[in-house]
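**Q** Quick one, what's the 3D model for this:
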Amino acid sequence: QVQLVESGGGLVQTGGSLRLSCAASGRTVDIYAMGWFRQAPGKEREFVSAMSRNGGTTLYADSVKGRFTISRDNAKNTVYLQMNSLKPEDTAVYYCAADGALRSAIRVGITSYHYWGQGTQVTVSS
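**A** Numbering: from 1, shown residues only. Down below sits the predicted model:
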């Protein structure tokens with residue numbers, strides 16, 4: 001089992017920045033990729049970004065490309081999401097997720113991720 005705990009959410013004005021952190025514990029050796037998803041009120045959970053275990057591959061949703069950056073510190077078993085130039089439409093609960101399967105590529109589908117954090121609220125005011 002893998003446990004994920006997010007932190008770093010909050011309230012920020014349009015154009016501001018936040019950095020989310022996700023600390024993993026447990027059988028972290030089983031993690032292939034870690035990612036971030038978000039869910040706004042009344043909407044489905046959507047993919048934001050993901051990174052492979054060795055950091056060699058990253059993916060971003062089109063809506064966040066150029067503004068968000070994913071990174072990870074394997075020594076700390078932590079993944080980060082640096083969010084810059086935030087917009088009101090970025091307002092959502094952000095979830096950290098881990099893919100525990102042996103794969104050849106990062107997946108963007110929710111069902112590909114086996115472990116989830118509790119979520120952290122990000123609110124961007126206009």
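
**Q** Ends of stretch 72-91, what's the gap?
**A** End-to-end distance of stretch 72-91 (Cα to Cα, to the nearest Å): 23 Å.

**Q** What pLDDT is listed against the residue nearest the centre of the chain?
**A** In the chain, the residue lying closest to the centroid (Cα atoms, centre = their mean) is Trp36, at 1.9 Å. At Trp36, the model reports a pLDDT of 98.

**Q** residue contacts, it?
**A** Applying Cβ atoms under 8 Å, 6 or more residues apart in numbering to Trp36 gives the contacts 20, 22, 48-50, 70, 79, 81, 94-97. In short, each C-beta sits where N, CA and C put it, glycine included.

**Q** okay, those in CSV with distance to Pro41 next?
**A** Formatted as CSV, the contacts of Trp36 follow (distance: Cβ to Cβ, whole Å):
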residue, distance to Pro41
Leu20, 19
Cys22, 22
Val48, 16
Ser49, 21
Ala50, 23
Ile70, 24
Val79, 25
Leu81, 20
Tyr94, 13
Tyr95, 14
Cys96, 20
Ala97, 20
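
**Q** Among those residues, find me the one that's closest to Thr111.
**A** Among these, Ala97 lies closest to Thr111 (Cβ to Cβ), at 10.6 Å.

**Q** so what's the closest residue to Arg27 other than its chain neighbours up against?
**A** Using Cβ to Cβ, 6 or more residues apart in numbering and skipping residues adjacent in sequence, the residue nearest Arg27 is Val2, 5.7 Å away. Applying Cβ under 8 Å, 6+ apart to Val2 gives the contacts 24-28, 30-31, 98, 100, 114-115.

**Q** Swap in 7 Å and give it another go.
**A** Residues in contact with Val2 (Cβ atoms under 7 Å, 6 or more residues apart in numbering) are 24, 26-28, 30-31, 98, 100, 115.

**Q** ranking those by neighbours, who comes first?
**A** Among these, the one with the most neighbours (other Cβ atoms under 10 Å) is Ala98, at 26 neighbours.
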